[in-house]
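> Take this sequence and fold it.
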Amino acid sequence: MTFRRALLAGWFSFEDGEATAGDVLALRRVESVAREVGLAYDVAWSPAFRPGELSLATVRPERYDVLVFVCGPLHGPQVEALHEEFAHCRRLAVGVSVIDPGSRAVRGFAEVIARDGSPSTAPRPDLSAGTRPPRQPPCVVATVLTAGQHEYAGQRRHEETVRRLTAWLGAHDCARLPLETRLDTRDWRLCATPEQVDALLARSDLVVTNRLHGLVLALRVGVPVIAVDPVAGGAKVSAQARALDWPAVIPAERLDGETLQHWWDWARTDGRARAAAHAAAPLPDALAGLLHRALDG
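A predicted model of the protein is given here:
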């Protein structure tokens, strides 16, 4: 039998489903094999995850001879509905978990290659395990952002700077790591010591911040940083950048995509060496003299 075209679907296709990293990697593995065997295919995406792309709401089922359900549990009314909508197709399920072998969701498939739950076969590796990470993964960007600091009153541009920064970063192919400098021994999601914050920052490629300590702590561990001063006219972030002789600081009034891209490119090249030099160089400190004067007095 000659197939014209296959539709690849999964929980990443349902409007109220979700796309996980494992699901998408499993899909990539199926796509790779489909190309190897010469099977033409399309992918149905959730409109919430990939708006504007082919979805189960816009697809024309009559165009397909095969439906392949990829990854996730074979369970629930969404999966059962696929059997009705694509009743004319040969329906296959790969890399899935079988919850109830006798359910309509499972029995509607002509073949099921289960990763677990099949009474007749041993567990198989998840399909995502068959993919390899890229040799050059995306840049890891730690963000240290605040929308607070109400002491600056009418000069505050904190919400606006956070909105612009996050929108700009969201459009970039980078792995974003939101960090908080507040320490808490009761909340497992927060660091309990400065050394734990150091460990996260040091494993980042770049830090983006509108906080003074986001700037200082990044340079302390030798990581380049793009700092934004969220106070109109400049305040402590700009002052600290001058004190540390760090050029990549943007006033709130000049925060735009072109300026951000300029400092992004600089931070990913020349900024690396400059940040490393900051971490290695001793800083002038007036504290010892102050304490000596206190003791002498």
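
> so who does residue 99 touch?
Going by C-beta atoms under 8 Å, 6 or more residues apart in numbering, residue 99 touches 73-75, 106, 117. Yep, even glycine has a C-beta here, placed from its N, CA and C like the rest.

> State the distance from residue 152 to residue 253.
According to C-beta to C-beta, to the nearest Å, residue 152 and residue 253 sit 14 Å apart.

> no, scratch that, I was asking about residue 113
Applying C-beta to C-beta, the value for residue 113 to residue 253 is 58 Å.

> before we move on, back to that, more neighbours, residue 152 and residue 253?
For residue 152 versus residue 253, the count of surrounding residues by other C-beta atoms under 10 Å is larger for residue 152: 16 against 11.

> what's the spacing between the more buried one and residue 166?
Distance from residue 152 to residue 166, by C-beta to C-beta: 20 Å.

> And residue 72, by the same measure?
According to C-beta to C-beta, residue 72 and residue 166 sit 29 Å apart.

> Comparing the two, which shows the higher neighbour count?
Neighbour totals were compared for residue 72 and residue 166, and residue 72 leads with 23 against 15 (other C-beta under 10 Å).

> now that one, which residues is it bridged with?
In this structure, residue 72 has beta-bridge partners residue 96, where bridges are defined by DSSP bridges.

> Pull the contacting residues for it.
With contacts defined as C-beta under 8 Å, 6+ apart, the neighbours of residue 72 are 10-11, 23, 96-97.

> got those as TSV, with distance to residue 142 columns?
Putting these into TSV (distance: C-beta to C-beta, whole Å) gives the following:
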residue	distance to residue 142
10	31
11	30
23	26
96	36
97	34
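
> For residue 231, state which of the residues you listed is nearest.
Relative to residue 231, the closest of those is residue 23; by C-beta to C-beta it sits at 42.9 Å.

> Would you confirm that the closest one contacts residue 70?
Yes - with contact defined as C-beta atoms under 8 Å, residue 23 and residue 70 form a contacting pair (7.2 Å).

> tell me, what's touching those two both at once?
Taking C-beta under 8 Å, 6+ apart as the contact definition, residue 23 and residue 70 share the neighbouring residues residue 10.

> Settle it for me: which of these two has more neighbours?
Legend: neighbour count by other C-beta under 10 Å for residue 23 and residue 70, higher for residue 70 (25 against 22).

> State the number of residues packed around the nearest residue to that one once chain neighbours are set aside.
On the basis of C-beta to C-beta, 6 or more residues apart in numbering, the spatially nearest residue to residue 70 that is not a chain neighbour turns out to be residue 10, at 4.2 Å. Neighbour count for residue 10, taken as other C-beta under 10 Å: 28.

> Thank you, goodbye.
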